[in-house]
Structure formats: structure tokens, C-alpha cells
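Student: Kindly return the folded structure for what I paste below:
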Amino acid sequence: RTIIERPQSRSIVARGKEVIVVGAGDAAQLMLKEILRTPDLGYTPIGLIDDDPRKKNMRLHGIRVLGTSEELPHLLRDRRPDELLIAIPSASGGQRARIVEIARAENVAVKTLPGLNELIAGDLDLARQVRPVEVEDLLGREPVEVDVDAIASYVAGKVVLVTGAGGSIGSELCRQLARAEPTRIVMVDQAESALYEIERELVDERRFSACVPVLSDVRNRRRLEQVFERYRPDVVFHAAAYKHVPLMEANPLESVANNVLGTRIVADAAVRHGVERFVLISTDKALNPYSVYGQSKTLCEWIVGSHGERDDVPTKFVAVRFGNVLNSAGSVIPLFRRQIERGGPVTVTDPEMTRFFMTIPEAVALVIQAGAIGGRGRILVLDMGEPIRILDLARNMIRLSGKEPERDVQITFIGARPGEKIHEELFAEGETWKPTTHPKIVALDVSPVERTWLEAKLDELERLVETGDTLELVGRLAAIVREPNGAADAGAHRILTESQPDGFTPASLPE
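Tutor: Okay, here's the model as predicted:
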């Protein structure tokens, strides 16, 4: 409900930065109220912008609606505010981008309220949540809606184990799972500092004390056996993985040992201890795998698929495949940000390179939802939307920093690194899919690999890891992934191809 008021007679004594607020709805009303009663926030509102022409000249907490966004350029020139505040949490990426572009042309700084996803997770003190516009705000992804009851049905009152709990995905899994009221979250990671940080955050900031940090490598079979025996997890989210493509090209032994053999160890432990659900975090790079990392994740999906088909175990296995997440550790956005802060150049691999992107909270919410959908050995794929050109991402980030691409910050093309594709894909030729109960998740219809064959191949790779025969391991890994039996006879995973069917993107999923 919007409250329209007449101007207040009292004047504002302490004047901070003069700001124009874009939006005159409920969020703007709450934010204005806090700004006016809290001078130490340092803002002095001098006007509002709203696209409802009926609101023009009306007042919200004494502040006048100056006009619509169409009038914004000349209003900025006339009023010369210090900052523009976007107070529309539901604004699309395109709307935010347009406002930012107008403000940039008039040399006015822009800040924004967080989007709906962030506001839901944060507190209600809106004025203190105002922050600079980030590149994520311009991507225009819709807030994710999840079936809370379905998630609660398999998480609430259960013991949940998360591997890779200190990583970008693993730590966000812990945050969101804590809200679903499990009896305990067992957090496994080999990175001491990262594990400590997520434990302290859950205990100190989120008041969730039922978390157990376990410092362990997923390759440590004996230690994991102790952990499963002691805590008896009902649900396992397996997020532990080495993920940097060029680094895995240079260290294939570690890639196979950690990603493939580690997944095998965790999955076997889940079966032995009667875990109810096992959710693997997979990647679009498992598809048509061109790199050692991609090939390792293909085998991870096969491990899940082969276990899922077993009639002798109750565990429901599912793999969740998605693309890049924004702002994950070591990803392109933190890299570009550092390069821009240093004055450039910003290094882009190829002017045509594209990637699918999703925010970390969005991806994790859908991963947890996918766990509710479940299935036996299914591969579930998240709708990543349209692919984004990395060059466009770089240019947007430079502009958001207040600089101009090529004039203030140079962009340099360095060529694709070892193992990188120009375009990623989420579905392979020959893979068919069908809708699930969630509009942003589809299930692939692929035949699992034959379990006895796969176990023999994994034993072979384990021997090569133990002997340290890198060249032989790389050759065998590629050969295994493209063997007909390994590809489930359906051509579901074709290797060494970078093509994607024309017009076939996650955005073309059925209604």
C-alpha cells in the first residue's frame, strides 16, 4: 500500500548526499521513511521518479514525484543530484541497464536496492541495503520460486552432509539448507579457512549452531567412512570438485583423483550407509567434454547414473547440471573486477566467446529443489537462460566502474586457454529431455552406463593415478568417455565437438 502525504512543514537540517529515488512503490516508501528518520545514512532525497503518470507531483513522505523515467535525462541535468537510487526490487535487468546508461551519460552515480532474491534473504532495513549497481543486476534473471514444502519434506528434521562446504556453491548450500531446519549439517571440506568461515557465519550471523565442520579430503576413504558412521546423513550434496579448466589440463592426475575417484568414494559411502538422497553438483562442461575437467565430470555423472539404476540400494541418486555461476571464487567477474581496478587491460579470450550464467543463490535454490524432484540416476538440467557474450560482460563491468571501454580501460583478446570451448551447451545431440514439476528444471532421458564396465574403468584410472602415469591417464580418460558402452549406446556424450544445434538453448525449453 502506497501512502501519499502532503509536504511536512519541518525542514531537513542535516543534509547528506542529494539523491533522486527511482520508484514510488512500497519499497521506495519504506526506504524513504528510514532515510528521513535516520540522518546518519547520509542521504537527502530531492525527488522521486515513477512511470505511473498519475503519481506526478504527488508526494511520498513529503518528497515530490518529479516525473517518469522518460523525463530522467533532463531531470538529472536540471536537479544535479549526487546519486540516483533505484528502489524497485522487481526491476528487470533491462530496466536497470537503461537507468544506469542514462545516469552514466549525465555523470551521476547510481546505487540500487537489492533484487527480490537478496531482500528475501536479508533484513528489512532497506535503506542500509542500498549498494552500488553490480553487473548481476543487469542480467535480468527472474527470482527463483521453489516448492518450500517439497524441500522441507526431505531436509527438515534430517541430517544433511555437504562436501565442498567451503566453496562458492557448497557454502551457499549450507546457508539455504539451514533455513529448511535440518537437525544437523555436516560440512566437509579440505580448505581449513573456508570451512572455518562458513561455520562461523552459520553460528554467529544466522544463529544455526547445528553444524559440524569436518576437515577432510573426499579422497580420504577411511576418514569419510568414519564421518558417515558417526553422523548417519540422510541427504548428501556432493559439491567438492576441482573446477578450473586450464589448471586441470595442467594437473590431470589431481583432476581425476579428486573429481572422479572422490565422487566414487562419497557415492559408495552413501550406498553403504543407507543415505536417502545423493545430489551431485555437475556442470555443462560434462557435455561433449573437450577438457580433462569436463571428462572427469562426465564420469561423475556416470557414477551417479549407474548407482541410481541399482535395485539393491534405496538411495535416490541425481545429478544436477548447470553452467557458470556469477562471482564464484576464481571466476571471470572477480578477475575482471581486479583488472579494472588496476586500470586494465581486461583480458577476454575471444570476442565471440559466450557462457551461460546464473547467480549462486539462484543455482543453489534450484539444486535443492532438484533434490526434491529426485529420481533414480537422473540427470536434471537447470534452465540457464540465454548465453552471454563475455565481451559484453567486460564492457558492462568497465562502464559500471565509471570508465569507458577502450578509452579508459583497454580490452585485450588472449585466445582460448587449454581445454576451453568458445560456446558451452547444456544438452548433447542425441539427448532427449522431458519437463519436471519445476518450470526451470528438465530431466534428461539418457541410458545409464553398464555398472560392471564402469567399475572396471574406474579401477583402471585409479591404478594410473597411483602410478603417476600422466600421459597414459589422459589418453585413457578420453578413450573411456568416448567408448560406445560408456556413452550408453545412445550417443548421449559425444566427445571433441564444440557445435551446438542451431536455436537450441535452455531458453527454448517447453512452457
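
Student: Least confident secondary structure element in the chain?
Tutor: The least trusted helix or strand in the chain, going by mean pLDDT, DSSP states H and E, turns out to be helix 116-121, with a mean of 48.

Student: so what pLDDT did the closest residue to residue 432 other than its chain neighbours get?
Tutor: Closest residue to residue 432 apart from its sequence neighbours, by Cβ to Cβ, 6 or more residues apart in numbering: residue 445 at 4.6 Å. C-beta here means a position set from N, CA and C on the backbone, and glycine is covered the same way. Here, the pLDDT recorded for residue 445 equals 77.

Student: Domain ranges for this structure, per the record?
Tutor: 17-133, 148-326+355-392+428-508 (automatic domain parsing).

Student: closest to residue 341 out of those domains?
Tutor: Closest to residue 341 of those is domain 17-133 (Cβ to Cβ; 13.4 Å).

Student: Look at that closest one and report the distance between its end residues.
Tutor: Distance across domain 17-133, first residue to last, is 17 Å (Cα to Cα, to the nearest Å).

Student: hmm, back to that, partner strands of the next helix or strand after the least confident helix or strand of the chain, with direction?
Tutor: Counting by DSSP states H and E, the next helix or strand C-terminal to helix 116-121 is strand 131-132. Looking at strand 131-132 with DSSP bridges, its partner strands are strand 109-112 (antiparallel).

Student: related to what we said a few turns ago, can you put the domains of the chain in TSV and add distance to residue 422 and mean neighbour count?
Tutor: Below are the domains of the chain laid out as TSV (distance: least, Cβ to Cβ, whole Å; neighbours: other Cβ atoms under 10 Å):
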stretch	distance to residue 422	mean neighbour count
domain 17-133	24	18
domain 148-326+355-392+428-508	6	20
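
Student: which of those domains has the lowest average pLDDT?
Tutor: Comparing mean pLDDT across the domains of the chain, the weakest is domain 17-133, with a mean of 84.

Student: Centre of the chain to that domain, how far?
Tutor: Offset of domain 17-133 from its chain centre (Cα atoms, centre = their mean, to the nearest Å): 27 Å.

Student: repeat for stretch 16-34
Tutor: Centroid separation for stretch 16-34 versus its chain: 29 Å, with Cα atoms, centre = their mean.

Student: go on, stretch 281-294?
Tutor: So, by Cα atoms, centre = their mean, the centroid of stretch 281-294 is 17 Å from its chain's centroid.

Student: First-to-last residue distance for that stretch?
Tutor: 13 Å.

Student: ok, now stretch 202-210?
Tutor: Terminal residues of stretch 202-210 lie 9 Å apart, using Cα to Cα.

Student: now stretch 61-74
Tutor: Length of stretch 61-74, first residue to last, Cα to Cα: 24 Å.

Student: what do you get for stretch 62-77?
Tutor: With Cα to Cα applied, stretch 62-77 spans 22 Å between its terminal residues.

Student: can you check stretch 241-251 too?
Tutor: Using Cα to Cα, the end-to-end distance of stretch 241-251 comes to 13 Å.

Student: try stretch 149-167
Tutor: OK, stretch 149-167 end separation, Cα to Cα: 27 Å.

Student: Any idea how far it is from the middle of the chain?
Tutor: The chain centroid and the centroid of stretch 149-167 are separated by 18 Å under Cα atoms, centre = their mean.

Student: repeat for stretch 159-169
Tutor: On Cα atoms, centre = their mean, the centre of stretch 159-169 falls 14 Å from the chain's centre.

Student: For burial, what's the neighbour tally of the residue nearest to residue 404 when sequence neighbours are not counted?
Tutor: The shortest distance from residue 404 to any non-neighbouring residue, by Cβ to Cβ, 6+ apart, is to residue 398 (7.1 Å). Counted with other Cβ atoms under 10 Å, residues neighbouring residue 398 total 23.

Student: Contact partners for residue 398?
Tutor: For residue 398, the contact set (Cβ atoms under 8 Å, 6 or more residues apart in numbering) comprises 340, 346, 404, 405, 408, 409, 411.

Student: Using CSV, list the CA coordinates for the host helix or strand of it.
Tutor: Using DSSP H and E, residue 398 falls within helix 390-400. The C-alpha trace of helix 390-400 is given here as CSV (Å, rounded to 0.1, in the frame of the first residue of the first chain):
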residue,chain,number,x,y,z
ILE,A,390,32.0,-12.4,-22.3
LEU,A,391,33.0,-9.3,-24.3
ASP,A,392,29.6,-7.7,-23.4
LEU,A,393,30.1,-8.6,-19.8
ALA,A,394,33.6,-7.0,-19.7
ARG,A,395,32.2,-3.8,-21.3
ASN,A,396,29.3,-3.6,-18.8
MET,A,397,31.7,-4.0,-15.9
ILE,A,398,34.0,-1.3,-17.1
ARG,A,399,31.1,1.1,-17.6
LEU,A,400,29.7,0.3,-14.1
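
Student: after that helix, next one along is what?
Tutor: strand 411-413.

Student: That next one: how far from the chain's middle?
Tutor: On the basis of Cα atoms, centre = their mean, strand 411-413 sits 26 Å off its chain's mean C-alpha point.

Student: Then stretch 312-326?
Tutor: 15 Å.

Student: For the chain, which residue occupies the most central location?
Tutor: The centroid of the chain falls nearest to residue 360 when counting by Cα atoms, centre = their mean (2.4 Å).

Student: All good on my end, thank you.
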